[in-house]
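Chemist: Pasting the sequence and the predicted model now:
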Amino acid sequence: MKKNILVTGASSGFGLVIANKLHQSGYNIIGTSRNPEKVQSKVPFKIIALDLDSEESINTLPDRLFKEIGKLDILINNAGFLVTGIAEEIPIELGRKQFETNFWGTIKVTNTILPFFRKQKSGKILTVGSITGLVAFPNTSYYASSKHALEGYFKALRYELTEFNIRVAMIEPGSFKTNIMENSSTTLNRIEDYNFLRSKSEKYADFIVEQGEDPSLVAEKVLKVVETEKPKFRNLVGKGLSVLITLQHFAYGILEKTVLKQLNNA
């Protein structure tokens with residue numbers, strides 16, 4: 001019998017690639033999008049509406065989801081967006097929106113699904129994080145913070161759900177070629193003192209995206225975690241991430257010099 005998997009934010013980016021890969025691998029996929037009517041004809045799986053910024057949309061998700069399927073086996077949290085900009089320049093309101101969507105939206109969706117997983121004494125929750133949730137970079141303060149927060153939350157949740165046979169894992173991608181920059185938000189506020197750093201950071205971000213790896217690698221990692229009975233919590237995807245994490249923990253000074261050197265060479 002096919003397992004049923006819910007993939008949030010399945011209309012573009014990692015979510016679309018992940019949903020397509022799992023569909024091709026024989027799983028029954030239900031994807032979500034803010035505007036499913038614009039996407040449904042373009043994908044081979046069912047799309048339902050979900051807006052992470054809407055309490056009503058999240059609260060009614062189970063009713064709408066279980067009209068399509070009788071049981072959910074796996075939840076993949078992927079939906080979110082990127083706020084870029086120098087920390088001091090970003091209005092607090094925009095920073096709050098980043099957290100409302102990326103962090104609180106993800107938590108609220110998870111909490112609507114957990115009662116069903118607990119009742120059936122099984123389930124798996126995969127959340128797409130980011131290397132910036134482990135190692136922060138300039139111009140990404142709120143995005144990195146939201147991803148750091150997800151890492152901490154699900155790390156604790158993993159322990160709490162063990163007795164219910166519910167597995168929790170994070171997918172931590174590095175630099176990949178996606179449309180994340182096209183859908184990003186920033187601020188028009190500009191502090192002149194940061195002009196040089198901002199310019200370097202933006203050039204470096206463009207370079208990273210251009211040189212990024214194929215998103216299919218992330219989908220392959222997700223498939224592997226889906227098919228692993230007891231997956232490890234942190235699942236890195238991308239070149240050189242293990243080295244970055246090692247530097248983060250044992251040689252932060254070297255990491256700092258490496259990041260600054262990359263910025264200066266951008």
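Modeler: Alright, I've got the coordinates.
Chemist: what sits against Arg198?
Modeler: Contact analysis of Arg198 by CB atoms under 8 Å, 6 or more residues apart in numbering lists 86, 139, 190. Where C-beta positions appear, they are placed from N, C-alpha and C, glycine not excepted.
Chemist: among those residues, who's most crowded?
Modeler: Ranked by neighbour count (other CB atoms under 10 Å), the contacts of Arg198 have Asn139 at the top, with 23 neighbours.
Chemist: dump the residue contacts of it.
Modeler: 84-86, 198, 201-202, 205.
Chemist: what's the answer for Phe14, then?
Modeler: 78, 128, 173, 176, 178, 215, 218-219.
Chemist: Lys97 sits in which helix or strand?
Modeler: Take DSSP states H and E as the rule and Lys97 turns out to sit in helix 92-99.
Chemist: Enumerate the positions of that helix that are buried.
Modeler: 94-95, 97-99 (16 or more other CB atoms under 10 Å).
Chemist: low-confidence ranges in the stretch 1-150 of the chain?
Modeler: Along the stretch 1-150 of the chain, no part satisfies pLDDT under 70.
Chemist: which residues of it fall in helices?
Modeler: For the stretch 1-150 of the chain, the helices defined by DSSP state H, counting those that start in this stretch cover 13-24, 55-59, 61-65, 92-99, 106-120, 141-160.
Chemist: and the helix or strand that the last one is followed by, which strands flank it?
Modeler: What it means is helix 141-160. Sequence order places strand 166-173 as the next helix or strand after helix 141-160, per DSSP H and E. Here strand 166-173 is paired, per DSSP bridges, with strand 123-128 (parallel), strand 234-237 (parallel).
Chemist: JSON lines for those strands, including mean neighbour count and distance to Ile90?
Modeler: What follows is the strands paired with strand 166-173, written out as JSON lines (neighbours: other CB atoms under 10 Å; distance: least, CB to CB, whole Å):
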{"stretch": "strand 123-128", "mean neighbour count": "24", "distance to Ile90": "23"}
{"stretch": "strand 234-237", "mean neighbour count": "19", "distance to Ile90": "28"}
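Chemist: Would you mind telling me which of these is nearest Asn59?
Modeler: Among those, strand 123-128 comes nearest to Asn59, with 18.5 Å by CB to CB.
Chemist: Alpha carbons of that closest one, as PDB, please.
Modeler: C-alpha atoms of strand 123-128 as PDB (Å, rounded to 0.1, in the frame of the first residue of the first chain):
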ATOM      1  CA  GLY A 123       4.500   9.000  11.600                       C
ATOM      2  CA  LYS A 124       7.500  10.800  10.400                       C
ATOM      3  CA  ILE A 125       8.200  14.600  10.400                       C
ATOM      4  CA  LEU A 126      10.900  15.900   8.100                       C
ATOM      5  CA  THR A 127      11.700  19.600   8.100                       C
ATOM      6  CA  VAL A 128      13.700  21.300   5.400                       C
END
